[in-house]
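Student: Make a model of this:
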Amino acid sequence: MEQLDHVKINFDSSGLWVLNIALAIVMFGVALGISINDFKTLLKQPKLVLVGALAQFVLLPLLTFLVIILVKPQPSIALGMMMVAACPGGNISNFMTHIAGGNTALSVSLTAFGTFLAILATPFNFQLYGNLYEPTARILKHVELQPLELVKLVVLILGIPLIFGMLLKHKNDQLASKLSRLLKPISILVFVGIVVIAFSKNTDVFYNYIHYVLLIGISHNVLAIILGFITARSFGLSFREQKTIAIETGIQNSGLGLLLIFTFFSGLGGMAIMAAFWGIWHIISGLILAFYWNYKPSKVIEV
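Tutor: As a prediction, this is how the structure comes out:
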């Protein structure tokens, strides 16, 4: 199992460009559904913003760090968990929130706010917890990760597409709505395509090591969902908002995580496999939970 910390996923520069462009397009599609009014709505309900940000950018990275100390996974797997936990919410959380009967407007607003916040929060959380845990700190020293370069890439992939998408929506809402309907359904296929591209020349690595991340990845994702739900509940939010924040916390932008892993860590095996598995699994867990909440009447569950 120690070999996993030294396994590299082969991913050439052309594949990396495809990954960059694909993620930028996905984020542009997300931004097409976001307006300035979404931010104004959040300003009128600061409690929702604080609870959502607390769950996603403070408690989830902290919980991940505590789980790593308790479980002591391979350092490369631990770094993969830290990377996923540091990323903002995934772009399909709005769709899942809608199915679950959650607060879709809140989900969209939190996605927008979280994406902007992630420009600084993602590099900060990853660097903080990665250096606090000695086994992962050793890898970071070897890689010599430059925080400024990490911030630049996050701005390029998240910030710029978000600004241009919101600008198009402001200038031509009808065109933005049409493009949004076209791009949103293919977002899941884009991520699956990214994973296929990443592992198409590395099937032996995937098959040989995937079993090391199965239980950890599933448990990590379930804990993230529970964390979001409990956090919202402890602050007295409605069941509708509890569902929303649970999904926002459990659905992470692991595609961004994969991009950062391939860019800065040369496709470090444990990290890449963990991020890729999380990205596939959170679609499954998110849809199962969303359809369960859609089927189960809120009146029966809420107390």
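
Student: quick one: the closest residue to Leu106 other than its chain neighbours and Val196, what's the gap?
Tutor: Leaving out its chain neighbours, the residue that sits closest to Leu106 by C-beta to C-beta, 6 or more residues apart in numbering is Thr244, at 5.1 Å. Yep, even glycine has a C-beta here, placed from its N, CA and C like the rest. Note on Thr244: its distance to Val196, by C-beta to C-beta, to the nearest Å, is 31 Å.

Student: same check, this time on Leu167
Tutor: Applying C-beta to C-beta, the value for Leu167 to Val196 is 32 Å.

Student: With Phe65 instead?
Tutor: 31 Å.

Student: more crowded one of the two?
Tutor: Higher neighbour count among Phe65 and Val196: Phe65, with 21 against 10, using other C-beta atoms under 10 Å.

Student: who touches the closest residue to that one other than its chain neighbours in this structure?
Tutor: Leaving aside its chain neighbours, Phe65 sits nearest to Tyr129 (4.6 Å; criterion: C-beta to C-beta, 6+ apart). Contact analysis of Tyr129 by C-beta atoms under 8 Å, 6 or more residues apart in numbering lists 61-62, 64-65, 82, 85-86, 136.

Student: What helix or strand is Tyr129 located in?
Tutor: In this assignment (DSSP states H and E), Tyr129 forms part of helix 104-132.

Student: quick one: buried residues of that helix?
Tutor: Neighbour-count burial for helix 104-132 flags 104, 106-119, 121-127, 129-130 (criterion: 16 or more other C-beta atoms under 10 Å).

Student: from the middle of its chain, how far away would that helix be?
Tutor: Remark: helix 104-132 is offset 9 Å from the chain centroid, using C-alpha atoms, centre = their mean, to the nearest Å.

Student: What residues of stretch 257-268 count as buried?
Tutor: Across stretch 257-268, burial judged by 16+ other C-beta under 10 Å covers 257-265, 267-268.

Student: okay, that stretch in PDB with CA atoms only?
Tutor: Provided in PDB are the C-alpha atoms of stretch 257-268 (Å, rounded to 0.1, in the frame of the first residue of the first chain):
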ATOM      1  CA  GLY A 257      -9.600  19.100  -7.100                       C
ATOM      2  CA  LEU A 258      -8.500  16.800  -9.900                       C
ATOM      3  CA  LEU A 259      -7.200  19.700 -11.900                       C
ATOM      4  CA  LEU A 260      -5.100  21.000  -9.000                       C
ATOM      5  CA  ILE A 261      -3.800  17.500  -8.400                       C
ATOM      6  CA  PHE A 262      -2.700  17.000 -12.000                       C
ATOM      7  CA  THR A 263      -1.300  20.600 -12.200                       C
ATOM      8  CA  PHE A 264       0.700  20.700  -9.000                       C
ATOM      9  CA  PHE A 265       1.200  17.100  -7.900                       C
ATOM     10  CA  SER A 266       1.800  15.400 -11.300                       C
ATOM     11  CA  GLY A 267      -1.200  13.200 -10.800                       C
ATOM     12  CA  LEU A 268      -0.100  11.800  -7.400                       C
END
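
Student: centre of the chain versus it, how much separation?
Tutor: That offset, for stretch 257-268, works out to 15 Å (C-alpha atoms, centre = their mean).

Student: do the same with stretch 158-169
Tutor: Counting by C-alpha atoms, centre = their mean, stretch 158-169 comes out at 19 Å from the chain centroid.

Student: which residues does Phe116 contact?
Tutor: Counted by C-beta under 8 Å, 6+ apart, Phe116 has contacts 158-159, 162.

Student: What strand or helix carries Gly33?
Tutor: Under the criterion DSSP H and E, no helix or strand holds Gly33.

Student: And it, what's its pLDDT?
Tutor: Listed pLDDT for Gly33 reads 72.

Student: And for the one 4 residues further on?
Tutor: As summarised for this prediction, Asn37 has a pLDDT of 72.

Student: What's the local residue count around it?
Tutor: Around Asn37 there are 10 residues (other C-beta under 10 Å).

Student: before we move on, what about Leu148?
Tutor: 8.

Student: which helices and strands sit right next to the host helix or strand of it?
Tutor: Mapping Leu148 onto the secondary structure by DSSP H and E places it in helix 147-154. Helix 147-154 makes packing contacts with helix 104-132, helix 254-264 when contacts are defined by 3 or more C-beta pairs under 8 Å, 6 or more residues apart in numbering; DSSP states H and E.
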